[in-house]
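Q: Provided below are the primary sequence and the corresponding predicted coordinates.
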Amino acid sequence: MRVGLFIPCYVDQLYPNVGMATVELLEHFGVETDFPEGQTCCGQPMANTGLGEQTRPLAHQFLNVFRDSEYVVCPSGSCTSMVRHHYDDFLTGCDGFEELKAKTFELTEFLVDVLKVGPIAGSFPHQVGLHQSCHGLRELRLGSCSERVVDSFNKSRSLLESLDGISFSELTRPDECCGFGGTFAVAEEAVSCMMGLDRVHDHEQSGTEVLTANDMSCLMHMSGLIRRQQKPIRVLHIAEVLTEAIATGASGGSQDGQVTGTSN
């Protein structure tokens, strides 16, 4: 299998190690990656600010760049959700758009739902606090949320929980927004920071050693607050956690779990 790798602009510019960890993780499970150099920002910041005409050419560029990819995989729930749920205003009726929506996946979603990855052998002997980003949770349904009466599930946790030595923080508000919200963090800085501090405090009180999530944007927001307050919490994207754990397991001679199958 070969996938088109969509790397969000803030990951490309500020956290390239997350992009490299994503490639390493996909290749570990036998997936070849193609990084089209013509890709740009998906347009989410402009769309969120109401600049529809500035968003439109970026949506068309995304479609043109990834039209021929078998799958499109992105280490970000919000950017994936932009394509799947918010491109309709710009691309409805365009050739290949419906196919694009159907084949675009967030990273953990792709591993769980498409590759159907089984238990992953590896070691990560830390207490992990799992942040549920709003777009991934409420638009992509990567996990259950407290306002819906459904059976509990979490795709990120299902990938992490087989790792040796890992434990999870029990948060008082496990699916509350961190306050980043893209341009919201600029327009409403004080509110955004207070929301972020609430999330960091919840993790601190729950004993979190490593804070992880599917979206580096949320982690960037909370990481800045953690650094400024000199909190002893390490911040890693879930791709970094998994690649670090797998590498530790490989160095110890462990055999990794297998991909159990693929889904069309």
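A: Thanks, I have the structure now. Owing to the predicted nature of the structure, the values given are computational and were not obtained by experimental measurement.
Q: Okay, residue 101 and residue 111: tell me how far apart.
A: Distance, residue 101 to residue 111, by Cβ to Cβ, to the nearest Å: 19 Å. Glycine gets a C-beta too; all of them are placed from N, C-alpha and C.
Q: Which one's more surrounded, those two?
A: residue 111 (26 against 15; other Cβ atoms under 10 Å).
Q: Does that one touch residue 159 like I think?
A: Yes: judged on Cβ atoms under 8 Å, residue 111 makes contact with residue 159 at a distance of 6.2 Å.
Q: what residues are shared contacts of these two?
A: residue 117 (Cβ atoms under 8 Å, 6 or more residues apart in numbering).
Q: any low-confidence regions in the stretch 101-250 of the chain?
A: 250 (pLDDT under 70).
Q: any chance you could map the strands in it?
A: For the stretch 101-250 of the chain, the strands defined by DSSP state E, counting those that start in this stretch cover 104-106, 127-130, 167-168, 210-213, 234-237.
Q: what's the most buried one of those strands?
A: strand 104-106 (a mean of 25; mean count of other Cβ atoms under 10 Å).
Q: residues making contact with that strand?
A: With Cβ under 8 Å, 6+ apart, strand 104-106 has contacts from 6, 66, 71-77, 80, 83-84, 113-114, 136, 140, 142, 214.
Q: Going through those, which ones are buried?
A: Buried members of the contacts of strand 104-106, scored by 16 or more other Cβ atoms under 10 Å, are 6, 66, 71-77, 80, 83-84, 114, 136, 140, 142, 214.
Q: neighbours around residue 202, how many?
A: 18.
Q: which residues touch the nearest residue in space to it that is not next to it in sequence?
A: Nearest non-adjacent residue to residue 202, counting by Cβ to Cβ, 6 or more residues apart in numbering: residue 171, 5.1 Å away. Neighbour list for residue 171: 129, 202, 203, 206 [criterion: Cβ under 8 Å, 6+ apart].
Q: do you know how far the residue sitting nearest the centre point of the chain is from residue 188?
A: The residue lying closest to the centre of the chain (Cα atoms, centre = their mean) is residue 214, at 2.5 Å. Distance, residue 214 to residue 188, using Cβ to Cβ: 23 Å.
Q: what does residue 97 give?
A: With Cβ to Cβ as the criterion, residue 97 and residue 188 are 33 Å apart.
Q: Which of those two has more residues huddled nearby?
A: With neighbours defined as other Cβ under 10 Å, residue 97 and residue 188 compare such that residue 97 has more, 19 against 14.
Q: Report how many residues lie close to the nearest residue to the more buried one once chain neighbours are set aside.
A: Nearest residue to residue 97, sequence neighbours excluded (Cβ to Cβ, 6+ apart): residue 91, at 4.3 Å. Using other Cβ under 10 Å, the number of residues around residue 91 comes to 20.
Q: do residue 242 as well
A: 28.
Q: Name the nearest residue to it, sequence neighbours excluded.
A: Closest to residue 242 by Cβ to Cβ, 6+ apart is residue 25, at 5.6 Å.
Q: where does the one you found land on pLDDT?
A: Note for residue 25: predicted pLDDT of 97.
Q: Report how many residues lie close to it.
A: Residues near residue 25, counting by other Cβ under 10 Å: 26.
Q: what ranges do the helices span in the stretch 51-200 of the chain?
A: Secondary structure of the stretch 51-200 of the chain by DSSP state H, counting those that start in this stretch: the helices cover 52-66, 77-86, 88-91, 97-103, 107-109, 134-138, 155-160, 184-187, 189-205.
Q: which residues sit against the fourth one?
A: The list of residues contacting helix 97-103 from outside it, by Cβ under 8 Å, 6+ apart, reads 62, 63, 66, 67, 69, 70, 71, 72, 83, 84, 87, 91.
Q: tell me the domain boundaries of the chain?
A: Using automatic domain parsing, the domain ranges for the chain come out as 2-114, 127-251.
Q: Mind putting those into CSV with distance to residue 121?
A: Output for the domains of the chain, formatted as CSV (distance: least, Cβ to Cβ, whole Å):
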stretch, distance to residue 121
domain 2-114, 11
domain 127-251, 5
